[in-house]
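Trainee: Quick one, fold the following:
(chains A and B)
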Amino acid sequence: MKRALFSNIWLPVALLLPQLVIIAVFFYWPAGYAVQSSFYLQDPFGFGSTFVGAGNYQSLFRNNEYLKIANFTLWFTVIVTFFSLAIALILAVKADRVIRGAKTYRTLLMWVYAVAPPVAGFIAVIMFNQSWGPLTEFFALFGYRFQVGVNFNDTAFAMILTSIWKQVPVNFIFFLSGLQSIPRSVREAALIDNRSASGRFWTVTFPLLAPTGFFLLIINITYALFDTFGIVDTVVKGEPGNNPMTLVYKVYVDGFRGNDLGGSSAQSVVLMALVLALTFVQFRLVERRIHYT
Amino acid sequence: MAVVHFDAVQKVYPNGFEAVKPASFYIEDGEFVVLVGPSGCGKSTMLRMIAGLEEISNGVLQIGDRVVNDIDPADRDIAMVFQNYALYPHMSVRNNIGYGLKNRAVPRDVIAAKVDEAAKMLNLSDYLDRKPSQLSGGQRQRVAMGRAIVRDPALFLFDEPLSNLDAKLRNQMRIEIKALQRRLGVTSVYVTHDQVEAMTMADRIIVMNGGVIEQIGTPSEIYQSPASTFVASFMGAPPMNLLEVTRADTGLRLADQILPLDLPDTGAELILGIRPEDIIPDPNGPFSIMVDIVEELGAHRLLHGRLGDQSVTVHVPKDYTVAEGVLRFAMPIEVLSFFDAASGQRVSR
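Mentor: A predicted model of the protein is given here:
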């Protein structure tokens, strides 16, 4: 390890300052403000606020709608995480075996990565358009009337499908590089030791991909919980009504549409705690358990 | 245990590169054959074709009485030891050694017994529950050996298994592998670029160069009568002296002397080959060299000098005192090898 020594304390401080200022202004300050305002009941027109203690939290967990959304978010996260990991893994394993035109395949599979979430949501809106969306027409072939924005399940399906589609390329890149970092000779040794291809995958390849897999698991949970905001927003068009939404979207709806800043703040604090727990799991369990070589 | 039969086996890569030119030879049951050659000579490709890790482009490969061209690596009844050990990093030593058996539906208690036996043989009994990352290079090498032994295969394949070890450990493992192979009597093919390993371990050596088999023979055949200038210079350290000679009326002219030899005159230019230890220092000898450098090697000395304008190395015993300067010597006619200067092939006398 190389150590740089500074004779003057102010130089390193000055070098660190821009980063610290950015973190403080854009993260700690708003986070602290959210915690503070979660204990207050704000006047919708901004004329003042009343201290209500844990009142916002209590009403949150007594609110049926909130619990329903939490439940949906849980399923949404589980389904999106599972499928985006599983599909990406299958694609990576297949792409890893491609010899001719491998680069082209891989580039094509990664393209979707460059699509921004709201654009992805917009593509979903087009695909599921009520009168001429190709996917709507596809479902019509089977006699099913697919109605995004009207039918709860249909809307949820569109959201989940789009979120998975958007996340697969990221996972694909990581899985592919994970696969390629498995030494060729280890795979060849397995080829001699085990005649079944699926046996080799589950006993050698998959365990060696576990570090990548666990890292992606955390990344994907975070993605499904938070980064799908743009997709949800575009699909429900800011008019949630009876439509499914995730907890993060609920924060936005309550805070900026409902003008309930206190309740909305309490919700963000709950989400912050969730992220904190996830980070803890990642560092304590995952990082420690899965390391070879 | 099995014989291995190569019949015009060839490897051509899709880009047209011919890694192994059609090769035919026969490995006997229980024989230890070493494939040796410089990097890129096709020796590893040859081994990988036996293992089934590389497709055979043309020809027929037989292990035992089976043609194995289209048989999966797992069904060829072979075990392979890789250069970088290729252990499964997530499995304990025990599971690494037992993995091949487990996949062949061997009963659990049989696996346990075999693993224990192999571990005892290889001094690994205390390490069975460790992961490969907690072992030293030599121990990892032993685990790789153990993985091959427990399988009880018809054929062992070794792909430069010692090249990642330090020199001292390499000498020790060399002897261990050879002893183990003797004891088990399993036919083995061993690839190396180290001619010392080839000489010391092999029953027979196959010398390869540029995808072509240059010579097949016992270590002493290869050493005493190399089939080409390539084999002469590749096998043996220091290599055989190769000296240009010209034809004269009464024999062959080397520097200012005539060797009274009667070789059939084919009109080809000739090269004379002599091992450094076959040059006998002799104050009354007919030849003389200018010694530039004396290399002190303890057990013996190497003298590097010039004969006319060609460089020569002489091997002398440690009790022979030498100095730089002129050294007179003699060459016994019967130990000389001759090669065609154009083709490099040995010329029979």
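Trainee: Compute the first-to-last residue distance for stretch B:240-258.
Mentor: In stretch B:240-258, first residue to last residue: 21 Å (C-alpha to C-alpha, to the nearest Å).
Trainee: Pull the residues that contact that stretch.
Mentor: B:226, B:229, B:232-233, B:259-263, B:265, B:269-276, B:279, B:286-287, B:307-308, B:310, B:312-313, B:337, B:339, B:341 (C-beta atoms under 8 Å, 6 or more residues apart in numbering or on different chains). C-beta here means a position set from N, CA and C on the backbone, and glycine is covered the same way.
Trainee: Any buried residues in it, and which?
Mentor: B:240, B:241, B:242, B:243, B:245, B:251, B:252, B:254, B:255, B:257 (16 or more other C-beta atoms under 10 Å in any protein chain shown).
Trainee: before we move on, what about stretch B:189-197?
Mentor: For stretch B:189-197, by 16+ other C-beta under 10 Å, it's B:189, B:190, B:191, B:192, B:193, B:194, B:195, B:197.
Trainee: In CSV, list those along with distance to chain A, pLDDT and secondary structure.
Mentor: As requested, those are arranged in CSV below (distance: C-beta to the nearest C-beta, whole Å; pLDDT from 0 to 100; DSSP: H, G, I helix; E, B strand; the rest coil):
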residue, distance to chain A, pLDDT, secondary structure
B:189, 14, 95, strand
B:190, 16, 95, strand
B:191, 13, 95, strand
B:192, 16, 93, strand
B:193, 17, 91, coil
B:194, 19, 90, coil
B:195, 24, 89, helix
B:197, 20, 91, helix
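Trainee: Which two among the residues you listed are spaced furthest apart?
Mentor: B:189 and B:195 (16.8 Å; C-beta to C-beta).
Trainee: Tell me the one of the buried residues of stretch B:240-258 nearest chain A?
Mentor: In terms of C-beta to the nearest C-beta, no member of these lies closer to chain A than residue B:240, at 35.1 Å.
Trainee: excluding its backbone neighbours, what's nearest the residue of the stretch 101-250 of chain B found nearest chain A?
Mentor: Going by C-beta to the nearest C-beta, chain A is nearest to residue B:103 of the stretch 101-250 of chain B, at 4.2 Å. Once flanking residues are discounted, residue B:103 sits nearest to residue A:194: 4.2 Å by C-beta to C-beta, 6 or more residues apart in numbering or on different chains.
Trainee: go on, residue A:237?
Mentor: Nearest non-adjacent residue to residue A:237, counting by C-beta to C-beta, 6+ apart: residue A:149, 6.7 Å away.
Trainee: Likewise for residue B:135?
Mentor: Residue B:135 sits nearest to residue B:127 (C-beta to C-beta, 6+ apart), 6.2 Å away.
Trainee: Residue B:139 is in contact with that neighbour, correct?
Mentor: Yes - between residue B:127 and residue B:139 there is a contact under C-beta atoms under 8 Å: 6.2 Å.
Trainee: ok so, going back, show me what contacts the residue of the stretch 101-250 of chain B closest to chain A?
Mentor: Taking C-beta under 8 Å, 6+ apart as the test, what residue B:103 contacts is A:193, A:194, A:195, A:196, A:199, B:74.
Trainee: surely the second one meets residue A:203?
Mentor: Same thing as residue A:194. Yes - counting by C-beta under 8 Å, residue A:203 is a contact partner of residue A:194 at 7.0 Å.
Trainee: and for those two, which residues touch both?
Mentor: In contact with both residue A:194 and residue A:203: residue B:99, using C-beta under 8 Å, 6+ apart.
Trainee: burial of residue A:23, as a residue count?
Mentor: Neighbours of residue A:23 under the rule other C-beta atoms under 10 Å in any protein chain shown: 11.
Trainee: How far off centre is the host helix or strand of it?
Mentor: Element membership of residue A:23, judged by DSSP states H and E, is helix A:10-23. Centre-to-centre, helix A:10-23 and its host chain are 30 Å apart (C-alpha atoms, centre = their mean, to the nearest Å).
Trainee: tilt between the next helix or strand after it and helix A:10-23?
Mentor: Toward the C-terminus, helix A:10-23 is succeeded by helix A:29-37 as the next helix or strand (DSSP H and E). Helix A:29-37 and helix A:10-23 are oriented at 50 degrees to each other (axes from the mean of the first three to the mean of the last three C-alpha atoms, to 10 degrees).
Trainee: Tell me where the longest helix sits in chain B.
Mentor: Of all segments of type helix in chain B, defined using DSSP state H, the longest is helix B:167-184.
Trainee: For that one, name the packing helices and strands.
Mentor: With contacts taken as 3 or more C-beta pairs under 8 Å, 6 or more residues apart in numbering or on different chains; DSSP states H and E, helix B:167-184 sits against helix B:137-150, helix B:195-201.
Trainee: what about the strands in chain A?
Mentor: A:40-42, A:49-51 (DSSP state E).
Trainee: Give me the mean pLDDT for stretch A:167-174.
Mentor: For stretch A:167-174, mean pLDDT is 90.
Trainee: Residues contacting it, please?
Mentor: Contacts for stretch A:167-174 (C-beta under 8 Å, 6+ apart): A:80, A:84-85, A:87-89, A:91-92, A:95, A:109-113, A:212, A:215-216, A:219-220, A:223-224.
Trainee: One more pass at 6 Å, please.
Mentor: Identification of contacts with stretch A:167-174 by C-beta atoms under 6 Å, 6 or more residues apart in numbering or on different chains yields A:84-85, A:87-88, A:91-92, A:109-110, A:112-113, A:212, A:216, A:223.
Trainee: filter those residues to the buried ones?
Mentor: Burial by neighbour count, 16+ other C-beta under 10 Å: within the contacts of stretch A:167-174 this picks out A:84, A:85, A:87, A:88, A:91, A:92, A:109, A:112, A:212, A:216, A:223.
Trainee: contacting residues for the most centrally placed residue in chain B?
Mentor: Closest residue to the average C-alpha location of chain B: residue B:198 at 3.0 Å, with C-alpha atoms, centre = their mean. Contacts for residue B:198 (C-beta under 6 Å, 6+ apart) come out as B:34, B:36, B:192, B:205.
Trainee: try residue B:260
Mentor: residue B:251.
Trainee: separation between it and chain A?
Mentor: Going from residue B:260 to chain A by C-beta to the nearest C-beta, to the nearest Å gives 56 Å.
Trainee: What ranges does the stretch 51-200 of chain A have for its helices?
Mentor: A:55-62, A:64-97, A:102-110, A:117-127, A:134-141, A:152-180, A:184-193, A:197-200 (DSSP state H, counting those that start in this stretch).
Trainee: Which of these comes out lowest on mean pLDDT?
Mentor: Comparing mean pLDDT over the helices of the stretch 51-200 of chain A, the weakest stretch is helix A:102-110, at a mean of 80.
Trainee: Quick one: name the residues of chain A near chain B.
Mentor: With C-beta under 6 Å from any C-beta of the partner chain as the criterion, chain A meets chain B at residues A:185-186, A:188-189, A:191-195, A:204, A:207, A:292-293.
Trainee: Next up, the contacts around the residue nearest in space to the middle of chain A.
Mentor: Central residue of chain A (C-alpha atoms, centre = their mean): residue A:223, 0.8 Å from the mean position. Residue A:223 makes contact with residue A:167, according to C-beta under 6 Å, 6+ apart.
Trainee: Kindly give the local confidence score, pLDDT, for it.
Mentor: 90.
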